[in-house]
Structures are given as C-alpha cells and as structure tokens.
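Engineer: Sharing a model that was predicted from the sequence below.
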Amino acid sequence: MLDAIQWNADLIHRYDQAGPRYTSYPTAMQLHGGIGPFDLLHALRNSRKALRPLSLYVHLPFCANICYYCACNKVITKDRGRAQPYLLELEHEMAIISRHLDRQQPVEQLHLGGGTPTFLSHDELRRLMRQLRQQFNLLDDDSGDYSIEIDPREADWSTMGLLRELGFNRVSLGVQDLDPAVQRAVNRLQSLEETRAIVEAARTLQFRSVNIDLIYGLPQQTPERFARTVDEVIALQPDRLSLFNYAHLPERFMPQRRIDSRELPSPTHKLAMLQASIEQLSAAGYRYIGMDHFALPDDELASAQEDGSLQRNFQGYTTHGHCDLIGLGVSAISQIGDLYCQNSSDLSNYQQHLSSGQLATQRGLHCTADDRLRRAVIQQLICHFALDFASIEQSFDMVFRDYFAAIWPQLQQMAKDGLIRLDAQSIAVLPAGRLLVRSLCMLFDHYLCAQNQQRFSRVI
C-alpha cells in the first residue's frame, strides 16, 4: 500500500541528516540576484501565449502576537492600520502583473498565507478579494482550490462565514500543540475549544477541506503530552494533517532565541513522538502522503497519489502543479515555466518598489536542462515513492544509469539497507525508506554541499 510505513530506528539514525524539503528543485537556496522584474514580465508573457492556468499565492505578513518557534517572514504589530499601506502596494503589484496575462487564464488555485491573513479586517478581506477578482480570472463556481491559513485566535464564526462567502473552500489551521505548558513556552496560548469552534464552523459552512498543522520537538513537549494532542486533533477529524519537525536555529531566526534550549525534548523523545504519532494517525485511517503530510483516504491528495497525478511546488503537495504559480506580496515566490523568482523579503523595500511603479522582484533563477531533469526525478520520488527510468530517459534523451553513475554506489547502498528497491529499470521506495525519502532525493541534488546543509531542518 502507498501509505505503508515501516519504522526502523537504526536506518533513521543512519540516514537522518539536514536537507531541503524540496518544495522546488533547484531549491530557494539557489536563487540569486541576477534575476529581476524584466525576467518575470517575460515569463508572464510566455504564460499568456500558452494560456496556462494559474495558481496565486498572496503573502500577508502581519501577526498580532509572536510565536517563538516561527521562521516565517512576518511583521509583529498590534497596530491593525499597518496593513493598509501594504494592501495598497499589493494592489499595485496585482495590476502590473495582470496586464501581462490573459483573462482567459483561470485561477485554479489560490492561497492566502502569512503571517496571519485573518489579521485583516472583514472590510480589508472583502476589498482584497474584490481586487483579485478584478485583476485575475477567479472561478465563481466553487470548483477552484481556494485556501487560507487561519489562526483560531484571530477568527470566529462570522469570520468563517465571510471567508466562505468570498469563495474560500479550504482552511489550514495552525495548532502546533494543545498542551498549556508547551503553549506558554512558545508564547502561543490557544485552547482546544477555540480550535474546535473553527473546525465546526468550517464543517457547517461546507468548506471542502480542513488541514491542521502540528509541530513536534517544541520546548516542554514529552511523548505522553504530544500523544494527547494528537488524539485530540484526530477527534476533530481534519481531512489533512501536517506533522512538522521543529528546527531550532536561533542564530537564523531571532524569535527562537526566546526559547530555552534546555527545555527542548531530547532526540530520543523526538523520535518517540514521531513514531507514536504515525501509529496514532495510521490507526485512525490517515495515509502518509510524504514529507510530514497525512490525509484521509478520500482526500484529493491521497487520490492524486494513487492515480499518479500528485505534484509538489512552493505551496507543498498539490494537485495543481501544472499551473503557473504567481506569488504576490513581500517575500513571495513565483514559478512560471522554468523561471523561479522571489520578491524582496524586506517590507519597506517591497513597498518602495511598488509605490514607484516597479515590481519588487529581487532574485531568482532560470532552470537549466539539468535542473529540469533532476526536478522530474525528485518530483517522482517525493510524490510517488517510485521512479521509472524509461519515462525519464524518453523525456530527457539520456541513459539514466550513465547520467547518474556517480551516485549509483550510494543508491546500491540504500538498496542493501532496505530503503529502496533498485534494478535496471526503476527505483521503488520501500516502507522503511518512506520517512527518509528526503535523503534519497538529496543524492540527485546537484547543488547540495556540506557548507549549506546546516541551513536546513533534519529529515526526521
């Protein structure tokens, strides 16, 4: 079965290493300053000529309170008025980009992330969605995949009603942990009742899907406490569930400096939390999609994995990888054809560019032929746990064994260790290797080197 996982502590200890999450290949680490607004506009024109469908990501960076574990690009403020000038420049960005697209290009996927999108007032959310509909071809028949990230502390039934009215049909809730001691340690006090109220509202208002995010490895967590959180979340029956490994990198993310490292669980306890969570979720009927993600069998991600259509992009696992992804807002990343590009991550810099009528594109890359080949290999492995050499050879006019001769001994070692099945025609990730698929993908990463691995979270 696709969702089968075999826990092997020895293999986990041997193959657990720091590495990318492969929401893209090449990864965002490879973006450079040689890409600017002209490159983006050229890519948009190519998208228009091909009439490719679109996926929009809108970054709303504002949060009223800081969560100490957070590594997102955010602005912490109690001043709700700070959103107004940002939204104005966001509208300027939409107008510039939409001029280079065709109204016939449907927006199949929309995601509002942050930050806390529900930091915005109801009027601001209405205006934002009105502007998006004016500039882009958003679908009106509820067939699109339109999602928004929710902080249950920043939403209520009226908020959920508004979001449904505006066209959203999926919600993702940040929970992380329900234990009060853990919540105090990371400065995120959020009751089970607050979370349950939002889930119940989503069900009543007929949102298509509910996702809940959890994090293991936070301060004050123990296997017993985290198991209770997982049980409580399972009882809410989210359609999807993400189980992230907390990466403590206080030298890179200033809020994490407020976490007492002495309160972090030991590596042994972290592994125990992951193992127990997998067992709990499996017993409750959830399938392991890959890369920390679980879904119920009737969820679209599970169905896409079964029929071979599951893909992965900067928004994570998706059924819309065929769309050109356009990122709007500070730090947002776009993937249009073979161009990756990112807006400035500095809020003032972003707003200054847009206020002067210029896009804030600051860095990016053009994928090479080698990038496209390796991207296809990694995509297949990370989405489907299998790779057929013949399909890659036909698509890229190469001999797989010869092209990847340098890593063949490492692949053979993985096969010997029971992580994969390797033969002359294919690679299949075995149940013992599914939790470690990132380690397999890293073998095909041309850019990965020792000096930048410290910038990534560990596989487990």
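Structural biologist: Received the coordinates, thanks. Here the structure is a predicted model, which means the values were calculated and not measured.
Engineer: Can you get me a residue count around residue 415?
Structural biologist: Applying other Cβ atoms under 10 Å, we find 17 other residues in the vicinity of residue 415. In short, each C-beta sits where N, CA and C put it, glycine included.
Engineer: so what's it up against?
Structural biologist: Residue 415 is in contact with 421, 422, counting by Cβ atoms under 8 Å, 6 or more residues apart in numbering.
Engineer: Find me the pLDDT at it, would you?
Structural biologist: For residue 415, the model assigns a pLDDT of 97.
Engineer: residues touching the nearest residue to residue 103 once chain neighbours are set aside, list them.
Structural biologist: In space, and not counting its chain neighbours, residue 103 is closest to residue 137: 5.3 Å by Cβ to Cβ, 6 or more residues apart in numbering. By Cβ under 8 Å, 6+ apart, residue 137 lies in contact with 54, 103, 104, 105, 106, 107.
Engineer: Can you read off the backbone torsions of residue 126?
Structural biologist: phi -60, psi -50 (degrees, to the nearest 10).
Engineer: now it: how far from residue 114?
Structural biologist: Taking Cβ to Cβ, to the nearest Å as the measure, residue 126 falls 18 Å from residue 114.
Engineer: And these two? Which one has more around it.
Structural biologist: residue 114 (23 against 14).
Engineer: ok, that one touching residue 67?
Structural biologist: No: counting by Cβ atoms under 8 Å, residue 114 stays clear of residue 67, with 11.8 Å between them.
Engineer: Looks like residue 248 contacts residue 262 (just checking).
Structural biologist: No: with contact defined as Cβ under 8 Å, residue 248 does not count as touching residue 262 (11.5 Å).
Engineer: the more surrounded of those two?
Structural biologist: Ranked by neighbour count (other Cβ under 10 Å), residue 248 and residue 262 place residue 248 first, with 15 against 6.
Engineer: that's a helix at the more buried one, yeah?
Structural biologist: No: per DSSP: H, G, I helix; E, B strand; the rest coil, residue 248 lies outside any helix segment and is coil.
Engineer: who are the neighbours in contact with residue 57?
Structural biologist: Applying Cβ under 8 Å, 6+ apart, the residues contacting residue 57 are 110, 111, 113, 314, 315, 325, 326, 327, 328, 329, 332, 333.
Engineer: switch to 10 Å and redo it
Structural biologist: Taking Cβ atoms under 10 Å, 6 or more residues apart in numbering, we find residue 57 in contact with 109-113, 313-315, 325-329, 332-335.
Engineer: Point out where this structure drops to low pLDDT.
Structural biologist: 1-3, 449-460 (pLDDT under 70).
Engineer: what domains does the record give for it?
Structural biologist: The chain resolves into domains spanning 1-26+368-460, 30-327 when parsed by automatic domain parsing.
Engineer: joint contacts of residue 114 and residue 67?
Structural biologist: 74, 151, 174.
Engineer: so which of the residues you listed comes closest to residue 93?
Structural biologist: Taking Cβ to Cβ as the measure, residue 74 is the one of the shared contacts of residue 114 and residue 67 closest to residue 93, at 18.7 Å.
Engineer: That closest one and residue 63 touch, don't they?
Structural biologist: Yes: shown here, residue 74 and residue 63 form a contact pair, counting by Cβ atoms under 10 Å, at 5.2 Å.
Engineer: Are there residues contacting both of these two? Which ones?
Structural biologist: 114, 115, 116, 119.
Engineer: Select from the residues you listed the one having the most neighbours.
Structural biologist: residue 115 (25 neighbours).
Engineer: Surely that residue is in contact with residue 66?
Structural biologist: No: with contacts counted by Cβ under 10 Å, residue 115 stays clear of residue 66, the gap being 11.5 Å.
Engineer: any common contacting residues for those two?
Structural biologist: Joint contacts of residue 115 and residue 66 (Cβ under 10 Å, 6+ apart) are 74, 76.
Engineer: Where do the helices of the stretch 351-460 of the chain begin and end?
Structural biologist: 369-384, 389-396, 400-403, 408-417, 437-443 (DSSP state H, counting those that start in this stretch).
Engineer: residues shared between the contacts of residue 248 and residue 262?
Structural biologist: residue 219.
Engineer: coming back round to it: which of the contacts of residue 137 are buried?
Structural biologist: With neighbours counted by 16 or more other Cβ atoms under 10 Å, the contacts of residue 137 contain buried members at 54, 105, 106, 107.
Engineer: Next, work out how far apart the second one and residue 342 are.
Structural biologist: Spelled out, it's residue 105. Separation of residue 105 from residue 342 (Cβ to Cβ) stands at 22 Å.
Engineer: Repeat that for the third one.
Structural biologist: Look at residue 106 and residue 342: by Cβ to Cβ, they are 24 Å apart.
Engineer: Quickly list what the closest residue to residue 138 other than its chain neighbours is bridged to.
Structural biologist: Closest residue to residue 138 apart from its sequence neighbours, by Cβ to Cβ, 6+ apart: residue 107 at 4.9 Å. Bridge pairing for residue 107 (DSSP bridges) gives the partners residue 54, residue 138.
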